[in-house]
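Asker: predicted model and sequence follow; I will ask about them next.
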Number of protein chains: 2
Amino acid sequence: MAQHAPEPAWDAEPPRDDVDAVTSAVLTASRLLVAISARSLTAVEEQVTLPQFRMLVVLATHGEMKLVSLAGRLAVNSSTAMRMADRLAAAGLIDRRVNPANRREIALRLTGSGHRIVDDVTAHRRREIAAIVTRMPADQRTGLVTALRAFTDAGEEPSAAVATRDALSIDWD
Amino acid sequence: MAQHAPEPAWDAEPPRDDVDAVTSAVLTASRLLVAISARSLTAVEEQVTLPQFRMLVVLATHGEMKLVSLAGRLAVNSSTAMRMADRLAAAGLIDRRVNPANRREIALRLTGSGHRIVDDVTAHRRREIAAIVTRMPADQRTGLVTALRAFTDAGEEPSAAVATRDALSIDWD
DNA sequence: GGGCACTCTTGCATTATGCAATGGTTACGT
DNA sequence: ACGTAACCATTGCATAATGCAAGAGTGCCC
């Protein structure tokens, strides 16, 4: 990929090769992380479908929410969220009640069982990542933290403007 | 695990463990990467659904395949893959023909239009990651490459044993 | 030649998804 | 205070995704 002789010949523009090499490294890491996440989901996929799991994650993260907010965060139509909530409520994983302060809306919330499912997946994922980190040379670890922080900082700054919706198909935790 | 107390990750709380801190950093980066991928998909989601796009990606990566292999790689039932292939063929994005060497199987392959869709998404994703990398301090970039390589190396080593299926819902490129 | 494994295909049931319409509830403006 | 507009949940309708199971064609091996 990156040869040597990074001669920044023009302007203040950063050398293309440098950025390209880093981009490729990030993409490679992405694939691994997605594979890990996919594996961590197989544990619960007997109990809930993937879209249902996404809903549980959002509720675990944001606590009680009304339906339209939930739908917006999942980037699905409210009718879709509606029927998913129906099924999750029937399965005893979420709890629905009318908001007494505003009777137009309903408050949706995880039950204990719902929380347990999310926690199981999160624990599995953390465990698997930790296992990988353990296999890394110890002196590389601090470097990874520093580098990733720089990356996420650079990536999150403008995201306020973008108002990134939650992940399309996999929510991590 | 965590109820809904926001996790202090690596700062704030005294890192109980080196591994723990790194794991948290990786999880944070994961979320950003997923958000990026989700955004890169919105461009094509008028033309194909997400599962359909996954199928296109697999075909772009592996070239011509028979149906069961494709289904296996997508981790879906062959009947599901079958009908998705029907729709993609009807849309002119893939091409199906009987394998002359083995008339039980059908060979599925991307058309030009199918390729274009995959390329669009990949380009979008690379562009967005590159933009973030550009915003990083230049002296952090090489550190990121080194650190990510150490991470992916450590993560891929045992994956031969695991035989990781492709990502459950998002294929990256 | 016959069984057997492999492939594609189709029928059936459930879930996911969006759009549009309906009815209840709140907010706002005059 | 009244009426209208905005907001919210809900349901009907159509299509896609998904798995299981059964059926039909094809190739392989003994």
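Answerer: That came through, no problem. Numbers count the residues shown, from 1 in each chain, chains lettered A, B, ... in the order given.
Asker: only C-alpha atoms from now on, for both contacts and neighbour counts.
Answerer: OK.
Asker: report the beta-bridge partners for the residue nearest to A:Leu67 when sequence neighbours are not counted.
Answerer: Nearest residue to A:Leu67, sequence neighbours excluded (C-alpha to C-alpha, 6 or more residues apart in numbering or on different chains): A:Ile106, at 6.5 Å. Beta-bridge pairing for A:Ile106 (DSSP bridges): A:Val98.
Asker: could you measure from A:Ile106 over to B:Met84?
Answerer: 36 Å (C-alpha to C-alpha, to the nearest Å).
Asker: average pLDDT across the helix or strand harbouring A:Ala89?
Answerer: Using DSSP states H and E, A:Ala89 maps to helix A:78-90. Helix A:78-90 carries an average pLDDT of 98.
Asker: what's the answer for stretch A:61-75, then?
Answerer: Here the average pLDDT along stretch A:61-75 is 96.
Asker: and A:His62, how many neighbours?
Answerer: A:His62 is flanked by 12 other residues according to other C-alpha atoms under 10 Å in any protein chain shown.
Asker: what of A:Lys66?
Answerer: 17.
Asker: was I right to think it contacts A:Asn102?
Answerer: No: counting by C-alpha atoms under 8 Å, A:Lys66 does not reach A:Asn102; the two are 10.5 Å apart.
Asker: so which bits of stretch A:97-111 are buried?
Answerer: A:106-111 (16 or more other C-alpha atoms under 10 Å in any protein chain shown).
Asker: can you check stretch A:127-136 too?
Answerer: Using 16+ other C-alpha under 10 Å as the test for burial, stretch A:127-136 gives A:128-130, A:132-134, A:136.
Asker: possible to save these as a markdown table with pLDDT, secondary structure and distance to DNA strand D?
Answerer: Below are the buried residues of stretch A:127-136 laid out as a markdown table (pLDDT from 0 to 100; DSSP: H, G, I helix; E, B strand; the rest coil; distance: C-alpha to the nearest atom of the strand, whole Å):
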| residue | pLDDT | secondary structure | distance to DNA strand D |
| --- | --- | --- | --- |
| A:Glu128 | 92 | helix | 23 |
| A:Ile129 | 93 | helix | 25 |
| A:Ala130 | 93 | helix | 28 |
| A:Ile132 | 93 | helix | 28 |
| A:Val133 | 93 | helix | 31 |
| A:Thr134 | 93 | helix | 33 |
| A:Met136 | 92 | coil | 34 |
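Asker: the nearest residue to A:Thr142 once chain neighbours are set aside: what's it in contact with?
Answerer: Distances taken as C-alpha to C-alpha, 6+ apart put B:Val22 closest to A:Thr142, at 7.4 Å, once the chain neighbours are dropped. For B:Val22, the contacting residues are A:130, A:133, A:141-142, A:144-145, B:10, by C-alpha atoms under 8 Å, 6 or more residues apart in numbering or on different chains.
Asker: and the longest helix along chain A with helix B:18-42, angle?
Answerer: Of all segments of type helix in chain A, defined using DSSP state H, the longest is helix A:16-42. Using axes from the mean of the first three to the mean of the last three C-alpha atoms, to 10 degrees, the direction of helix A:16-42 lies 100 degrees away from that of helix B:18-42.
Asker: in helix A:16-42, what counts as buried?
Answerer: Buried positions in helix A:16-42, judged by neighbour count with 16+ other C-alpha under 10 Å: A:17-41.
Asker: helices and strands around the helix or strand just after that helix, which ones?
Answerer: Once the chain leaves helix A:16-42, the next helix or strand it forms, by DSSP H and E, is helix A:50-62. Secondary-structure packing of helix A:50-62 (3 or more C-alpha pairs under 8 Å, 6 or more residues apart in numbering or on different chains; DSSP states H and E): helix A:67-74, strand A:106-110, helix A:112-135.
Asker: A:Glu46 - how many residues pack around it?
Answerer: By other C-alpha under 10 Å, neighbour count at A:Glu46 equals 8.
Asker: likewise A:Gly114?
Answerer: When neighbours are counted by other C-alpha under 10 Å, A:Gly114 comes out with 23.
Asker: contact partners for the nearest residue to it once chain neighbours are set aside?
Answerer: Of all residues not flanking A:Gly114 in the chain, A:Leu93 sits nearest, at 4.2 Å (C-alpha to C-alpha, 6+ apart). The contact partners of A:Leu93, by C-alpha under 8 Å, 6+ apart, come to A:110-115.
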